[in-house]
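Q: this is the structure alone, sequence omitted:
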């Protein structure tokens, strides 16, 4: 089928990001991190995998931890609106020459008829409708911890060519809500949504395909602070990579931590409604020092450079392509880059204590 | 056009509840309440009307305060997905024999081509797509107050026959998320949504058509407490009718206050995501004492009995029809009714201090 | 020793309210309430008693639950500044003709040399300096619950003659921070402190001597809401007697709950610093509807009328004397009393929905 | 009078830190910072000085901004318990050979009979009892901002020899609550209190005498986050020097910002009660990476090295003496120093992204 024919196909009606299938190398260590420390709820587990969900979730899981030899993301799974949308997903990607694999009984427990694809950017995407319902624990305040995670919020993917990725995802039905650019027209990152939040996934410019992070939501900001406090009490504060802080992009309150394999997890709360068809896109200047942290606190280098491999449909790590566009870190930090707090006031506008 | 033909028409694709057109008798007093006390943002105002929006809104307004002789709701306005959906709305209601009025320049400032209808329940509904964009103040923390209202969340309507209203709204494309029933099959209330929250509007059983309330959202629970504290400081605590508290239905944190005309306003935060096609409907037993307040605090009688008139398309108050089904107040409070905290433990389960 | 001689004695230098010795009739039920539900920390326990403390405490306990035949308060215990202050306490009360009992090894575990007295109002007071230190769990965020209780804040005692009680406590070294009076000069309640908060104990006018409540502090308001939410989830919302709300007196955020024996517990946060020698006393008008709830929410009758017996030094319940002054409930609620929101605006100032 | 005689004098009974007299070079710029941005309340102002207080304060001011040629601290003022304690302060410092100056009408508006001294460490200390009372705005929620500052909490002073300073302050009646040391016995910092919080002042080892910071308290953590958000909205995020974060020492939540002259202001909330005579002293290892930030986030170098001059009683800046003990920055950061998250786990325990 030709590309023009492909573009005439109806894409699947994606409802939301639904779960991440994540390979970890030490299941017990990961369980301690995600269950004992973060308090995600175990729906089901065995020696090979643990199925976890957030407190307000009613589908079987939002995260699968699967034991494996290489820490990597095995699938970014999206829920679609109808069973037929799984067919549409299979056809839409196949028409683009992507490898697809359909399993009527699903790839993981709790999920039925699904298709997995290697998408044009090299990421393993899954689409499913059929899923087991479990108890929505929203009202089970007897089980809440101070840092309770209540929803899966989004994925974040590293890819070398953000405009290319954005175009593909827009064809797939995503809408851009925010992005980071410079005056020369380079795009450094873009946020794309299906559900009416700032994103279901985002593209971060860098060597890819890699998983940048998975994000869970809390109800309030103090819940995120409570996670930090608990990590301190457990003498695990070194898993805090960045934050807590307020994002410029998305306006959400955030924290980035790293799991025992180095997989990055964001805890996130309070972005805004984006569901109108003409929701205004917010474009940030890459040199704006408040774009990634509204308070101007520095982004640590590891946040820009480190990410997790992703797998192909055979379970092998995808090769990583280098970004050829300018890197956000290079154009904003240190000798080669600059950032401002007030655009026409560069002398005074540098962050005090910003010595990275 | 016959009813069967009407049912074959495609309803408009409604995006969300967008604004309420509200008649008030003293514009200055209403301004003091909504602007000075609650901190809603004035987009535009003149001697006849004030156009207000919440902090995260980008359309022209979420509330119009219009000076008039009788305090009443003039229109419950919904945004639709495309300009053509305004046509669909006009045709859909006309086919049901409802009176409609189309204005290419809109009924109020900031809104373009719109249709207003008197719906099958007697409520004035408006549908529009075209709207002026204004600054989304989400990032303007220099303007936030401790009780900042960030979104319009929902309407709530009083109608005598909830099952009839529910059937009509489902045909119009709404989905039920929660309801209150009893074992005999009487429905006391239902919550219906278009956007992925618990509701865009709800039906409360009672004499109607009347406006029960309009609800605005805050980011966190302490914002709602701050509104109460401020009302105390202004010696206006008597506008607090009910709450603050935690709802059973919706799981949201809430407060009900009354404006200078007695129009009811809810302040609301933290319900849950409902956007999946098979989102589970939560049905509450009318006798469950935690259904309307999760902490079992009593619902005051005025909350059940008082509501605002609604207007027809000529601006005259709609006649009110009495509810013939059992009333929620009667079956739950006092000599004729009962409520339980633990279903099979009615002796001990009565709320301490519950003497209403 | 004559009274004038008694008045020349130096009273003990009281540091703060330290613990309550509380008799309960079902130790297992009380443990479920205070430990499983409220999350107080068990320092030590056996078949006869449970010793509990709050998260920031470093002394052995703040609450002793002791199994006994009659639910009652056995001792209101205060810490004094030096070992010699225990002697001073013994002499000071003895000089007033009060019965005293000294135990060098303490009356309860964890506490050394102590004196218990039956004070002039009939309450069992204890004074001690020597105490076992335990781990201050302030930094143990891995153990915190969403509603963590971090400090014992105060006691509240019911006594018929508030001015008499106030005079005695001022002689003992307490300072009044706030009180409730009327224009005729009747005093309805008074708050008295040693540490620099609004109170270590308060006197509530009513039939006494009885224990009105014991109060624990949380860090923030959401912690108190979390306790309510948890009680709802456990289907125990009927233990919520009053609140949550904002006090007028003390400006603190509060909740009143009742334990399995009906003993009242307040959860309390955010009063203000009172440590200056000329700290201004705040006097509230008994008719001010915001004095006990800043938001004007009604005080339930049980809060005014119910309280726990207190024991004499032999463990027998003290006889209760009736209040002869006007009762706060009678002068403010219902046919015989009135309250205002705005003093010279009684018509409009009644709380909506206030039908108690 | 000999030193031994001096040690026999009774020191003044200090109640609390009460206000800072601060010289600023641009009164309008400082007003914008402290009033418009931070929301401190203006008690009184003229062309030369602005008198500011926090919301729960009832004395005339907590901060004086005074126009002058050199940005510096002119006085650290403490309230004493009685008028006679001003005499005691004068005699106590005079007996130590310190210069003193007594003014019956006070050095600033709102304060009466006062003594200022140059203390043994070179700091200008003031002691007063007499003060004008003003309205305590605790209940004025109509005036609160999202980041309302409700109390002056403490001072922090830089001095080269912390053990010497600690000994002097203990003789003056302060009690140590926490300190930072190393295994060799070097003391890097100490926290000292009169009121029952972690400190009224602290000593930070470094070149001094200099003012490290003045700290104001908020009610809750979200109030501090709101200040950060507002600074972002005003495009002044570059005044954020460090934080927000959770302290290890004090267990408080904190933020450090810099005023237009570079004077450092801390915003602080939720330390713990320390009023018992045997309150346990907490000693932190200087190499413990969680001592100054419980989450292990790095302390920026400017926080260690920069501070404000202090004035002598003639208004001239005091000469600064270099610290000769090891510096905390040197022993913990970079090539010459190290920090751990887990003491016996130095390999893995370094903070991710810690590249300072």
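A: Good, I have the coordinates. The structure displayed is predicted, hence computed values, not measured ones.
Q: list the contacts for residue A:90?
A: A:100, A:102, A:115, A:117, A:127 (Cβ atoms under 8 Å, 6 or more residues apart in numbering or on different chains). Bear in mind the C-beta positions are built from the backbone N, C-alpha and C, glycine included.
Q: for the strand or helix carrying residue A:165, packing partners?
A: Using DSSP states H and E, residue A:165 maps to helix A:162-171. The helices and strands touching helix A:162-171, judged by 3 or more Cβ pairs under 8 Å, 6 or more residues apart in numbering or on different chains; DSSP states H and E, are strand A:175-181, strand A:187-193, strand A:201-205.
Q: dump those strands to a markdown table, plus distance to residue B:154 and mean pLDDT.
A: Formatted as a markdown table, the helices and strands packed on helix A:162-171 follow (distance: least, Cβ to Cβ, whole Å; pLDDT from 0 to 100):
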| stretch | distance to residue B:154 | mean pLDDT |
| --- | --- | --- |
| strand A:175-181 | 23 | 98 |
| strand A:187-193 | 21 | 98 |
| strand A:201-205 | 28 | 98 |
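Q: tabulate these (JSON lines), appending distance to residue A:25.
A: Conversion of the helices and strands packed on helix A:162-171 to JSON lines gives the following (distance: least, Cβ to Cβ, whole Å):
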{"stretch": "strand A:175-181", "distance to residue A:25": "33"}
{"stretch": "strand A:187-193", "distance to residue A:25": "29"}
{"stretch": "strand A:201-205", "distance to residue A:25": "24"}
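Q: turn those strands into CSV, including mean neighbour count.
A: Shown next, in CSV, are those (neighbours: other Cβ atoms under 10 Å in any protein chain shown):
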stretch, mean neighbour count
strand A:175-181, 22
strand A:187-193, 25
strand A:201-205, 26
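Q: dump the ones you listed to a markdown table, plus distance to chain B.
A: Formatted as a markdown table, the helices and strands packed on helix A:162-171 follow (distance: least, Cβ to the nearest Cβ, whole Å):
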| stretch | distance to chain B |
| --- | --- |
| strand A:175-181 | 11 |
| strand A:187-193 | 11 |
| strand A:201-205 | 16 |
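Q: the stretch 251-356 of chain A: helices as residue ranges?
A: Remark: helices assigned in the stretch 251-356 of chain A by DSSP state H, counting those that start in this stretch are A:301-305, A:328-332.
Q: what's the closest of the ones you listed to residue D:337?
A: Of all the helices of the stretch 251-356 of chain A, helix A:301-305 sits nearest to residue D:337, with 20.7 Å by Cβ to Cβ.
Q: give the buried residues for the closest one.
A: For helix A:301-305, the buried set under the neighbour-count rule, 16 or more other Cβ atoms under 10 Å in any protein chain shown, comprises A:302-304.
Q: and chain B, which of those residues reach it?
A: Here nothing survives when those are matched to chain B using Cβ under 8 Å from any Cβ of the partner chain.
Q: between these, which is nearest residue C:169?
A: Nearest to residue C:169 among these, with distances taken as Cβ to Cβ, is residue A:303, at 58.5 Å.
Q: touching, residue A:228 and residue D:246? I think so.
A: Yes - applying Cβ atoms under 8 Å, one finds residue A:228 in contact with residue D:246, separated by 6.6 Å.
Q: shared neighbours of the two, anything?
A: In contact with both residue A:228 and residue D:246: D:294-295, using Cβ under 8 Å, 6+ apart.
Q: got a list of what residue A:331 touches?
A: A:182, A:286-287, A:337.
Q: could you redo the last one with a cut-off of 6 Å?
A: A:286, A:337 (Cβ atoms under 6 Å, 6 or more residues apart in numbering or on different chains).
Q: same check on the one 5 residues further on?
A: For residue A:336, the contact set (Cβ under 6 Å, 6+ apart) comprises residue A:330.
Q: pLDDT wise, what is the closest residue to chain D within the stretch 151-300 of chain A at?
A: Per Cβ to the nearest Cβ, residue A:300 is where the stretch 151-300 of chain A lies closest to chain D, at 3.2 Å. According to the prediction, residue A:300 has pLDDT 95.
Q: residues near it, how many?
A: For residue A:300, the tally of surrounding residues (other Cβ atoms under 10 Å in any protein chain shown) stands at 23.
Q: residues near the nearest residue to residue A:237 once chain neighbours are set aside, how many?
A: Distance criterion Cβ to Cβ, 6 or more residues apart in numbering or on different chains; nearest residue to residue A:237, sequence neighbours excluded, is residue D:296 at 3.7 Å. Per other Cβ under 10 Å, the neighbour tally for residue D:296 reads 30.
Q: residue D:296: what's it in contact with?
A: Per Cβ under 6 Å, 6+ apart, neighbours of residue D:296: A:237-238, D:289-290, D:341, D:351.
Q: got the residue ranges for the strands in the stretch 151-300 of chain A?
A: A:151-159, A:175-181, A:187-193, A:201-205, A:210-217, A:240-246, A:253-258, A:264-269, A:282-285 (DSSP state E, counting those that start in this stretch).
Q: can you list the strands that the longest one pairs with?
A: Strand pairing for strand A:151-159, using DSSP bridges, gives strand A:201-205 (parallel), strand A:210-217 (antiparallel).
Q: can you check what angle separates the shortest one from strand A:175-181?
A: Calculated by axes from the mean of the first three to the mean of the last three Cα atoms, to 10 degrees, strand A:201-205 forms an angle of 20 degrees with strand A:175-181.
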